[in-house]
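Trainee: My questions are about this predicted structure, shown below with the sequence.
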Amino acid sequence: MSGSNESRQAAISAVTNYKPIEKPLNFLDTPAKQVFAANVFSDDVMRERLPKSVYKALRRTIDRGEKLDVSVADAVAVAMRDWAIEKGATHYAHVFYPLTGLTAEKHDSFLEPDGKGGVLAEFSAKQLIQGEPDASSFPSGGIRATFEARGYTAWDVTSPAYILENPNGTTLCIPTAFCSWTGEALDKKVPLLRSMQALNLQAQRILKLFGHADPGLVFSTAGCEQEYFLIDRNFYFARPDLINAGRTLFGARPPKGQELEDQYFGAIPDRVLACMLEAERELYKLGVPVKTRHNEVAPAQYELAPVYENANVATDHQYLVMLHLQRIAQKYGMTCLLHEKPFAGINGSGKHLNWSLGTKSANLLEPGSTPHQNAQFLVFCAAVIRAVNKYGKLLRAAVAHASNDHRLGANEAPPAIISVFLGEQLTDVFEQIKRGAAKRSKQPGFLSVGVDTLPPLPKDAGDRNRTSPFAFTGNKFEFRAVGSSQSVAGPLVVLNTIVAESLDYVATKLEAAPKGSAEKFNAAVQKVLQDLIRENDRIIFNGDNYCEAWHKEAAKRGLPNLRNTVDALPALIEPENIEVFERFKVFSRREIESRHEIYLERYVKDVNIEARLAVRIAKTQIFPAAVAYEARLASASHSLKGLGIHHCTTVLEELTGLLAKFQPAIARLDQAVHHHTEGTTLDHAKYARDTLIPAMVEVRQIADTLEGVVGDEFWPLPTYQEMLFIK
């Protein structure tokens, strides 16, 4: 009897005989500097093509947050249309960000009949400002009934339009907000813009107290590190679990994984590097400031990181990063996996969110060389600490989804316990404030490595902590718990809102303090800082967040440990959290309750899809392969016994025993999948967590053991060893 792994062998053959699909790009034709933002309706393009009064009106909206003067839209529409047509565009699209977690777009042609048998290229102010996609089929959490279809997209002037290239043409893409006919947010952008507006209003109060008469618009910034896997597409198409769930539901650990630590920052394979270079070049054209690329810890895992920028623009750019990594990978015969845990037993992927706030001219979380003397910085930093302490459950909920549950809490990613790492220098400064007043700051020095030919290296005042979920890293906080596949909009909305609330709290305290002299103000600042640290220092932890001792210590401190999505998401609708969203006009009660429903429902759908997949793969691929191998062993054993040879049947007995467990385990999972749970969406989510996932784990454990027993020629699925190491 022949083996059953023809698809595996075909995939391996295709990978080892891979040849580039297209000729290499000629990177010498146009320097990268000239390519950057070439396809963006940028400030330079606007300045060149718009009337001066229109350009200035737009800049006031973008730079100062002033209300958009819609009368300028006619001139902008004409300029944008002409620029896009010169770039080869035939269509325009309002790009929006529904609660699917992906982008959405509706394309319309510039061409309209002229009534004389010809066409005109038209693009009006109305078409620029507003679109009307069907809203009935997007998640709304009950805000919209199925028969209520009307939804609107609204031009976001603060995020630049761009040209998206395709081999057969180009499209003008206009970032937009998406709301229902009733005016409620159905997307990621509207709440993000609201939260940035709230953050600006409260930060202005603090800056004015510190003597800034006109500090300019305060906005949050974001730099989103993107981790991802690249595997050959032939392996991908031979794995139904990767195609449908984005992760492997089965797969034994290979003999060699990441334990040698030889992948991290290693030489990038030529094929992978070629893919990276083209992806970066395409992102440059769109004005995405990608900066860093390198091998990550796990085999076949990589990272791309941009320079930080305005959080709204950074969020739009993050979608473009994910889109282009996936599209360009196809050109090189690979698939980009963005799932948080595509392979069990090795590192998963995150999207570290580097967050700060500032104006066009200043970073408000820049401590300077003497942070103990920088009262303004200390106030902003302490306000962030308070926000994370008070709303830690809300931050945890912002990164809660089924795929991130596989990553958070393992010794590769932050635990589900939210804490803040400050580092030695800032911890020392705040400890001094707590005891009375800060008199000094630990200073950076120089590091000598004992080789005369090497220069002395500037040494930071403190080390970094890669185990912390929320770490201060010089002039920003790094929120490390964000998942690789998720939009950064949700975490940004929460961060902006809770920090706005904390700044409001601090500003109110300082505004109520005695006035009249700098000494009185300084005393008030000192008192507020002392109170903030004394009341919120439980959240500060500079040690190893992975160790069990920290989990016990965190419990003593009263820090919540919300281990999974089902435990974490209810924080969204706790009364105090609804209150803060409503108070700062980021979400209405109905909007946040709808999101709670949508995210729970998505969790249920994700787990159900995986469970159905696991049953099908186990029943139709793994079980038949194991039975076929069992028959081969039984036949050989029977023949040898007929010759008087006492053949060792240890493997056959082991295989038979595993199959005796495997079949009923599959049946139990199948029964669990088809069980109809009564009750609310939360009840369904609990059932998925408590019944479906354990049943899947049981089936997987047996299947992965079978992989190590069944003859290689029979095993039907590409193995971890093949997918991760054959490039």
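Mentor: Looks like it came in fine.
Trainee: from here on, contacts and neighbour counts on C-alpha atoms
Mentor: OK.
Trainee: distance from the centroid: which residue in the protein tops it?
Mentor: Largest separation from the mean C-alpha position in the chain: residue 644, at 63.6 Å (CA atoms, centre = their mean).
Trainee: What pLDDT is listed against that residue?
Mentor: With respect to pLDDT, residue 644 has a value of 78.
Trainee: Can you show me the helices along the stretch 501-650 of the chain?
Mentor: Assigned by DSSP state H, counting those that start in this stretch, the stretch 501-650 of the chain shows helices spanning 518-536, 548-557, 565-568, 575-583, 589-617, 623-642, 650-674.
Trainee: Would you check how far apart residue 553 and residue 538 are?
Mentor: 10 Å (CA to CA, to the nearest Å).
Trainee: Neighbour count for these two, which is higher?
Mentor: It is residue 538, of residue 553 and residue 538, that has more neighbours when counted by other CA atoms under 10 Å, with 18 against 13.
Trainee: quick one: low-confidence ranges for the stretch 101-250 of the chain?
Mentor: Of all residues in the stretch 101-250 of the chain, those with pLDDT under 70 make up the ranges 135, 145-149.
Trainee: Please, where are all the strands along it?
Mentor: 104-109, 111-113, 119-121, 130-131, 151-155, 162-166, 169-180, 219-224, 226-232 (DSSP state E, counting those that start in this stretch).
Trainee: Just send those strands back as CSV, with mean neighbour count and distance to residue 52 too.
Mentor: Converted to CSV, the strands of the stretch 101-250 of the chain look like this (neighbours: other CA atoms under 10 Å; distance: least, CA to CA, whole Å):
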stretch, mean neighbour count, distance to residue 52
strand 104-109, 15, 29
strand 111-113, 12, 28
strand 119-121, 13, 25
strand 130-131, 18, 24
strand 151-155, 21, 21
strand 162-166, 18, 21
strand 169-180, 24, 22
strand 219-224, 27, 26
strand 226-232, 25, 39
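Trainee: Let me have the ones you listed in TSV, adding distance to residue 264 as columns.
Mentor: Output for the strands of the stretch 101-250 of the chain, formatted as TSV (distance: least, CA to CA, whole Å):
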stretch	distance to residue 264
strand 104-109	35
strand 111-113	51
strand 119-121	52
strand 130-131	46
strand 151-155	42
strand 162-166	33
strand 169-180	36
strand 219-224	19
strand 226-232	12
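Trainee: what about the ones you listed, which gets the closest to residue 711?
Mentor: Closest of the strands of the stretch 101-250 of the chain to residue 711 is strand 226-232, at 23.7 Å (criterion: CA to CA).
Trainee: Now the closest one - C-alpha only, PDB.
Mentor: Extracted in PDB, the C-alpha atoms of strand 226-232 (Å, rounded to 0.1, in the frame of the first residue of the first chain):
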ATOM      1  CA  GLN A 226       5.200  44.000  13.400                       C
ATOM      2  CA  GLU A 227       6.200  40.400  14.000                       C
ATOM      3  CA  TYR A 228       5.300  37.800  11.400                       C
ATOM      4  CA  PHE A 229       6.100  34.400   9.900                       C
ATOM      5  CA  LEU A 230       7.000  33.600   6.300                       C
ATOM      6  CA  ILE A 231       6.500  30.000   5.000                       C
ATOM      7  CA  ASP A 232       6.400  28.600   1.500                       C
END
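Trainee: So in that sheet, which strands flank that strand, and in what orientation?
Mentor: Each strand paired with strand 226-232, and its direction, by DSSP bridges: strand 301-306 (antiparallel), strand 334-337 (antiparallel).
Trainee: okay, these, which one's buried deepest?
Mentor: Of all the strands paired with strand 226-232, strand 334-337 has the most neighbours on average by mean count of other CA atoms under 10 Å, namely a mean of 24.
Trainee: Report the mean per-residue pLDDT for that one.
Mentor: Per-residue scores along strand 334-337 average to 97.
Trainee: contact partners of it?
Mentor: 228, 229, 230, 231, 232, 233, 234, 236, 246, 325, 326, 329 (CA atoms under 8 Å, 6 or more residues apart in numbering).
Trainee: With respect to residue 113, which of those is nearest?
Mentor: For these, the nearest to residue 113 is residue 326 (37.1 Å; CA to CA).
Trainee: Count the residues that sit near the closest one.
Mentor: 19.
Trainee: isn't there a helix covering it?
Mentor: Yes. Counting by DSSP: H, G, I helix; E, B strand; the rest coil, residue 326 falls inside a helix.
Trainee: ok, the nearest residue to it once chain neighbours are set aside to residue 272 distance?
Mentor: The spatially closest residue to residue 326, leaving aside those adjacent along the chain, is residue 336, at 5.1 Å (CA to CA, 6 or more residues apart in numbering). Computed as CA to CA, the residue 336 to residue 272 distance reads 11 Å.
Trainee: I am finished for the moment; much appreciated.
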